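Q: Quick check, what structure comes out for this input:
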Amino acid sequence: MSIFSFFQKSLKKPNSSDDNSRPETSCYPKEPPASIRASDSVTWGVRVSAEWAWRLLVILAVAWILLKVIGGLSAIVVPIIISLLFTAILAPLARFMTKKLRFPRGIAAAVAMLIGLSVAALIATFSITQIVAAAPDLATRAASGFQQLTAWLSKGPLNLEEHQVTQWVSQGVEKTVAAIRTNAASIASGAFVYAQSAISVLATGVTVLFCLFFFLMDGKTIWLWCVRLFPRPARRPLHESVSCGWRTVGAWARVQVLVAAIDATGIGMGAFFLGTSLWIPIALLTFMMTFIPILGAFIAGGVAIMVVLVDVSPTAALIMLIIVLVVQQLEGNVLQPILMSSAVSLHPVAVVLGVTAGGYLAGIMGALFVMPLMAFVNEAVKRAISKKSRENHTGVSDKELGLVLCEE
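A: Residues are numbered from 1 along each chain as shown. Here you go, the predicted structure:
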């Protein structure tokens, strides 16, 4: 065999049998079949996580938009929420007068409102009367205490001269007067802002009373009109769920009154045993301030300590401080979470975290309204996902409930 023939055989194209016997070797991976998609390679866990993730993002986006809308319409939303809370408290009384005493709904609503306003006005009037009656004595005791403090500074361990202390007091008064004169414009503008706030509070109060009267008189009619805006199959589940949540809000309101009464009793009895003559106004102020989260506790406790300091002694004021701290800690961390969790079926941890989150997101109003909102949503959602909301266990038809009009 010549060299030419050898090279000719080596360059000869292989036949089909050689192709089948030798495996293909290539540096590129094989392409998958056309029937297989890239999404088929995603595992089941990743798919479930993605489905949950985008739905949670949609829920958070809708919640954020609702918060923005509510914040923009706070002048309307806040009075409605306040009137709903008062309705939850006064509705049993109005219902009793309507069903048992046979009062017309309008008269029953008006009488319930008058009773509620009378109780609040009586508490406020009694507290103010007690404070005004004891004001001269408190002023005398405050002046005497200030003189004792001046004498202690001059003759006590500090050994300050009396004219030096008097000079410091005079300088402090002069600087205060100078600061008032310098910032007169700012003070005037601040007074104007406060006047506007007072007008806004007055308008809010009028709106609350207006809504409260009609909620007590025609609350059921208003609600059924709202329910009939939805498709007929969704009316009974919606009505059952919201009714269950509304009953829970009423239980929350009654428990809140009980917690306020216990808090006021503890601080009021402490002030009584320390010997102050204003223990009743202190107790009533504590009762009213308990409904204002965070800020109300500071105001009530500070007033109680200052009154005891002026009316009794610094040692008694220190004891009053300890009593206030103990009562508020027991009320905030033990009593309220336990009672609230039993009334609204929420865990104490959820109660504490909810109040904290509400205060962080919306301030005092958020801390005040977050508990009834959590209670309502919890019970309404549990009822909505249960079979009871779709089944008629009471035997009352939709027409008898008012969920369907005669012409439908």
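Q: What pLDDT is listed against Lys30?
A: Looking at Lys30, its pLDDT reads 56.
Q: To clarify, my last question referred to Val344.
A: Per-residue pLDDT puts Val344 at 68.
Q: ranges for the helices of the stretch 51-200 of the chain?
A: Listed in chain order, the helices of the stretch 51-200 of the chain (DSSP state H, counting those that start in this stretch) span 74-99, 105-155, 162-182, 184-227.
Q: The nearest residue to Ile262 once chain neighbours are set aside: how many residues sit nearby?
A: Nearest residue to Ile262 in three dimensions, chain neighbours excluded: Leu335, at 6.5 Å (C-beta to C-beta, 6 or more residues apart in numbering). (C-beta placed from N, C-alpha, C; glycine too.) Per other C-beta atoms under 10 Å, the neighbour tally for Leu335 reads 17.
Q: Going by mean pLDDT, which of the helices of the stretch 51-200 of the chain comes out lowest?
A: Note on those: helix 162-182 shows the lowest mean pLDDT, a mean of 68.
Q: Tell me how the protein divides into domains.
A: What the record gives for the chain is the domain set 74-229, 233-393, from automatic domain parsing.
Q: Deepest in the core, which of those domains is it.
A: Neighbour counts (mean count of other C-beta atoms under 10 Å) averaged over each of the domains of the chain peak at domain 233-393, with a mean of 18.
Q: Identify the residues contacting Ala297.
A: Applying C-beta atoms under 8 Å, 6 or more residues apart in numbering to Ala297 gives the contacts 289-290, 328, 332.
Q: ok, and it, which helix or strand is that part of?
A: helix 295-311 (DSSP states H and E).
Q: Quick one: mean pLDDT for that helix?
A: Averaged over helix 295-311, pLDDT sits at 80.
Q: helix or strand right after that helix?
A: The helix or strand immediately downstream of helix 295-311 is helix 314-330, counting by DSSP H and E.
Q: just checking, what packs against that next one?
A: helix 232-273, helix 295-311 (3 or more C-beta pairs under 8 Å, 6 or more residues apart in numbering; DSSP states H and E).
Q: want to throw those into a markdown table with distance to Val381?
A: Below are those laid out as a markdown table (distance: least, C-beta to C-beta, whole Å):
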| stretch | distance to Val381 |
| --- | --- |
| helix 232-273 | 7 |
| helix 295-311 | 30 |
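Q: can you tell which of those is closest to Gln130?
A: Closest to Gln130 of the helices and strands packed on helix 314-330 is helix 295-311 (C-beta to C-beta; 10.9 Å).
Q: how much does the closest one deviate in direction from helix 232-273?
A: Using axes from the mean of the first three to the mean of the last three C-alpha atoms, to 10 degrees, the inter-axis angle of helix 295-311 relative to helix 232-273 is 10 degrees.
Q: CA atoms only for helix 295-311 - export them in PDB, please.
A: Taking Å, rounded to 0.1, in the frame of the first residue of the first chain, the C-alpha atoms of helix 295-311 are listed here in PDB:
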ATOM      1  CA  LEU A 295     -50.900  59.600  76.800                       C
ATOM      2  CA  GLY A 296     -53.900  59.200  79.200                       C
ATOM      3  CA  ALA A 297     -51.900  57.100  81.700                       C
ATOM      4  CA  PHE A 298     -49.100  59.700  81.800                       C
ATOM      5  CA  ILE A 299     -51.600  62.600  82.400                       C
ATOM      6  CA  ALA A 300     -53.600  60.800  85.100                       C
ATOM      7  CA  GLY A 301     -50.600  59.500  86.900                       C
ATOM      8  CA  GLY A 302     -48.800  62.900  86.700                       C
ATOM      9  CA  VAL A 303     -51.800  64.800  88.100                       C
ATOM     10  CA  ALA A 304     -52.200  62.200  90.900                       C
ATOM     11  CA  ILE A 305     -48.600  62.600  91.900                       C
ATOM     12  CA  MET A 306     -48.600  66.400  91.800                       C
ATOM     13  CA  VAL A 307     -51.800  66.700  93.800                       C
ATOM     14  CA  VAL A 308     -50.400  64.400  96.500                       C
ATOM     15  CA  LEU A 309     -47.100  66.300  96.500                       C
ATOM     16  CA  VAL A 310     -48.800  69.600  97.100                       C
ATOM     17  CA  ASP A 311     -51.600  68.300  99.400                       C
END
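Q: circling back to that earlier point, is it correct that the residue nearest to Ile262 is in contact with Ala260?
A: No: applying C-beta atoms under 8 Å, one finds Leu335 not in contact with Ala260, separated by 10.9 Å.
Q: hang on, isn't Ile82 packed against Phe210?
A: No: in this structure, Ile82 is not within contact of Phe210 by C-beta under 8 Å, at 11.7 Å.
Q: show me the contacts for the residue lying closest to Arg105 once chain neighbours are set aside.
A: Distances taken as C-beta to C-beta, 6+ apart put Met217 closest to Arg105, at 4.8 Å, once the chain neighbours are dropped. Met217 sits next to 94, 105-106, 108-109 when contact means C-beta under 8 Å, 6+ apart.
Q: Between the helices and strands packed on helix 314-330, which one is closest to His347.
A: For His347, the closest of the helices and strands packed on helix 314-330 is helix 232-273, at 14.8 Å, according to C-beta to C-beta.
Q: What lies in contact with the helix or strand that comes right after that closest one?
A: Using DSSP H and E, the helix or strand that directly follows helix 232-273 along the chain is helix 279-289. Under the criterion C-beta under 8 Å, 6+ apart, residues 123-124, 126-127, 130-131, 260-261, 263-265, 267-269, 271-272, 276, 296-297, 299-300, 303-304, 307 lie in contact with helix 279-289.
Q: one more time with 6 Å
A: With C-beta atoms under 6 Å, 6 or more residues apart in numbering as the test, helix 279-289 has contacts from 123, 127, 130-131, 260, 263-264, 267-268, 271-272, 296, 299-300, 304.
Q: Out of the contacts of Met217, which is nearest to Leu202?
A: Looking at the contacts of Met217 and their distance to Leu202, the nearest is Ala109, at 22.1 Å (C-beta to C-beta).
Q: Flag the shaky bits of the stretch 301-408 of the chain, pLDDT-wise.
A: Within the stretch 301-408 of the chain, the stretches with pLDDT under 70 are 340-345, 348, 387-403, 405-408.
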